[in-house]
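J.: Got a sequence here, can you build the structure:
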Amino acid sequence: MMMNWSDLLNTYNNGTTQTRKDFRREPYIIDADRISFSAPFRRLANKTQVHPLHDHDHIHHRLIHSVETASVGRSLGIGVGQWLEDENHIDKYERHTIAGIIQAACLAHDIGNPPFGHSGESAIGAWFAQQFDTPNPLFTEIDDNLRPEFMEFEGNAQGFRILTRLEMYRNEGGMRLSHGVLGAFSKYPVTADVQRIIEDHTKEIHGSDFKKHLYCGLKKFGVFHSEAEQFHSYAKILGLPQENHDGHQFYRRHPLVFLVEAADDICYNIIDLEDAFTSGDLSYQDVRDLLSPLSAFSTDRRDGSTEAEHISHLRALAIGGAVFACIQAFKAKYGDIMSGKFSDGLVDVSDKSDTFAAIKTIANQQLFTSARKTKLEVSGRATIHNVLNGITPVYAALQDKGWDKGKLGDYEKQVARALELDLRDVTDSYSALHSMADFTSGMTDRYAVKMSRMLSGI
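T.: This is a model prediction of the structure:
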């Protein structure tokens with residue numbers, strides 16, 4: 001079944017049945033504005049991109065990365081959208097809708113990430129996994145099928161929760177973004193329990209090489225059970241192809257997901273190199289040699305320019321070359337993308353794939369394992385665990401009191417008040433654990449350190 005662009009670019013917003021298209025602003029502009037002015041987006045300014053708690057002002061953090069990714073995503077959308085118009089796949093001027101949807105989704109793509117980057121995700125997951133091995137009733141009451149949501153905590157699913165439930169219109173559609181934007185945002189359109197079943201089944205067949213054979217590239221989940229009903233609703237509206245695996249349902253990706261993912265891949269791979277030069281982790285020559293092949297233009301150093309200026313120039317040329325390569329890859333894979341059969345990254349199937357593979361190798365070998373980063377990630381893990389240990393008594397006491405917030409003890413009330421814990425939706429163990437994850441993942445790096453010290457008395 002081929003997906004239909006008239007469905008995929010749906011401008012109705014999540015939470016109502018009315019389109020917001022009027023003479024003032026297009027729906028995707030409203031979406032981008034709502035994301036940009038939200039507190040979770042603002043907090044990205046103090047969340048790790050690669051280097052935790054770095055004291056160099058020019059090193060990227062999550063907010064700057066998100067803004068840059070949105071810029072690249074818009075360029076990808078304009079390029080692909082123009083081609084779709086030329087081929088009569090979409091109506092005239094719809095390229096602007098495509099570019100706007102991608103830009104908004106790119107702005108939001110990291111909004112659910114916890115402090116300390118991906119190591120923060122691992123730290124949250126490891127802590128919950130430890131608690132499920134204890135006799136604490138707060139954790140033993142959680143159904144086995146729901147435990148992966150916490151043990152393998154995923155920023156993509158937390159982001160979807162923020163966008164559709166927590167922020168703005170709480171429990172009434174969240175930010176009420178356009179269905180098209182939610183579709184472009186949803187990189188992993190599957191819940192944790194179904195993703196695990198698919199992964200286990202693939203492991204049985206393909207062994208250690210299973211990741212290459214996962215359906216639709218579903219190596220992670222992107223939706224919590226708490227938001228699954230909303231997810232199914234908008235997926236049907238968008239006309240995403242539905243799959244059935246042994247009675248368990250999931251969906252194929254929205255075509256614009258691949259352009260959002262490409263924008264992210266382009267930015268973090270290329271910008272990580274520029275940051276590595278700025279921080280002194282990689283030499284000028286190393287970064288120059290890695291960036292130069294991505295450009296379609298001359299990469300010679302201009303007379304009188306500094307090494308930093310040349311690296312900045314190469315970064316711009318590399319992004320331009322990568323954008324063009326991914327647009328060409330989208331065209332080449334268009335049939336598979338629209339039928340839901342495509343599951344790779346556009347970067348990985350582009351004519352620049354070898355260069356990006358080399359960049360990823362260098363990053364894994366030299367950047368992600370640097371001494372400073374490793375030490376701070378170890379410290380970040382302890383910080384997150386201290387926070388979770390410190391707030392657990394509040395939720396355990398709440399459970400003991402039958403979830404009556406008015407019956408909390410003096411100390412638990414003090415902790416809840418000092419940390420401004422949001423207990424409004426806590427009515428059982430499942431909602432309690434999500435409340436804990438909401439608070440912890442929402443912290444900035446520095447706020448996490450501050451709360452850890454307060455809770456541990458250090």
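J.: now the strands: where do they sit in the stretch 201-350 of the chain?
T.: With strands called from DSSP state E, counting those that start in this stretch, the stretch 201-350 of the chain shows them at 242-245, 248-251.
J.: So which of those strands is nearest Ser292?
T.: Of all these, it is strand 248-251 that lies closest to Ser292, at 39.9 Å by CB to CB. Placement of C-beta: from N, CA and C, glycine included.
J.: Can you give me the buried ones in the closest one?
T.: Residues of strand 248-251 classed as buried: 248, 250-251 (neighbour count, 16 or more other CB atoms under 10 Å).
J.: Just give me the closest of these to Glu172.
T.: Distances from Glu172 to the buried residues of strand 248-251, taken as CB to CB, are shortest for Tyr251 (23.7 Å).
J.: Distance of the closest one relative to Leu238?
T.: Remark: distance between Tyr251 and Leu238 (CB to CB, to the nearest Å) = 9 Å.
J.: do the same with Gly321
T.: Counting by CB to CB - Gly321 and Leu238 are separated by 32 Å.
J.: swap in Phe330?
T.: From Phe330 to Leu238 the distance is 18 Å (CB to CB).
J.: Likewise for Phe439?
T.: Distance from Phe439 to Leu238, by CB to CB: 31 Å.
J.: Show me which of those two is the more surrounded one.
T.: More crowded of Phe439 and Leu238, by other CB atoms under 10 Å: Leu238, with 22 against 18.
J.: Please parse the protein into its domains.
T.: Per the record, the chain has its domains at 5-127+148-251, 265-367, 376-456, by automatic domain parsing.
J.: Please state the offset of the first one from the chain centre?
T.: When C-alpha coordinates are averaged (CA atoms, centre = their mean, to the nearest Å), domain 5-127+148-251 and its chain have centres 6 Å apart.
J.: Likewise for stretch 441-458?
T.: Relative to its chain's centre, stretch 441-458 lies at 23 Å (CA atoms, centre = their mean).
J.: Could you check it and say which residues are buried?
T.: In terms of neighbour count (16+ other CB under 10 Å), stretch 441-458 has its buried residues at 441-445, 447-449, 451-452, 455.
J.: okay, these in a markdown table with secondary structure and pLDDT next?
T.: What follows is the buried residues of stretch 441-458, written out as a markdown table (DSSP: H, G, I helix; E, B strand; the rest coil; pLDDT from 0 to 100):
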| residue | secondary structure | pLDDT |
| --- | --- | --- |
| Ser441 | helix | 97 |
| Gly442 | helix | 96 |
| Met443 | coil | 96 |
| Thr444 | coil | 94 |
| Asp445 | helix | 91 |
| Tyr447 | helix | 94 |
| Ala448 | helix | 94 |
| Val449 | helix | 92 |
| Met451 | helix | 95 |
| Ser452 | helix | 95 |
| Leu455 | helix | 91 |
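J.: List the residue ranges of the stretch 301-450 of the chain that fall below the pLDDT cut-off.
T.: Low-confidence segments of the stretch 301-450 of the chain (pLDDT under 70): 368-373.
J.: now do 50
T.: Within the stretch 301-450 of the chain, not a single segment meets pLDDT under 50.
J.: in it, which spans are helices?
T.: All helices of the stretch 301-450 of the chain, identified by DSSP state H, counting those that start in this stretch, fall at 307-332, 334-339, 346-349, 353-362, 371-400, 410-419, 429-442, 445-456.
J.: Switch the ones you listed over to a markdown table; also include distance to Gln130.
T.: Converted to a markdown table, the helices of the stretch 301-450 of the chain look like this (distance: least, CB to CB, whole Å):
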| stretch | distance to Gln130 |
| --- | --- |
| helix 307-332 | 41 |
| helix 334-339 | 41 |
| helix 346-349 | 35 |
| helix 353-362 | 31 |
| helix 371-400 | 9 |
| helix 410-419 | 21 |
| helix 429-442 | 13 |
| helix 445-456 | 17 |
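J.: Indicate which one of those is closest to Glu227.
T.: Nearest to Glu227, of all the helices of the stretch 301-450 of the chain, is helix 429-442, at 10.0 Å by CB to CB.
J.: and Asp209, how far is that from Thr202?
T.: The spacing between Asp209 and Thr202, counted by CB to CB, is 9 Å.
J.: give the contact list for Cys305.
T.: Actually, residue 305 is Ser rather than Cys. Contacts for Ser305 (CB atoms under 8 Å, 6 or more residues apart in numbering) come out as His313.
J.: typed the wrong thing, it's Leu63
T.: 41-42, 44-45, 47.
J.: and the buried residues of stretch 441-458 as JSON lines, adding distance to Ser350?
T.: Formatted as JSON lines, these follow (distance: CB to CB, whole Å):
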{"residue": "Ser441", "distance to Ser350": "33"}
{"residue": "Gly442", "distance to Ser350": "35"}
{"residue": "Met443", "distance to Ser350": "37"}
{"residue": "Thr444", "distance to Ser350": "35"}
{"residue": "Asp445", "distance to Ser350": "33"}
{"residue": "Tyr447", "distance to Ser350": "39"}
{"residue": "Ala448", "distance to Ser350": "37"}
{"residue": "Val449", "distance to Ser350": "40"}
{"residue": "Met451", "distance to Ser350": "43"}
{"residue": "Ser452", "distance to Ser350": "42"}
{"residue": "Leu455", "distance to Ser350": "47"}
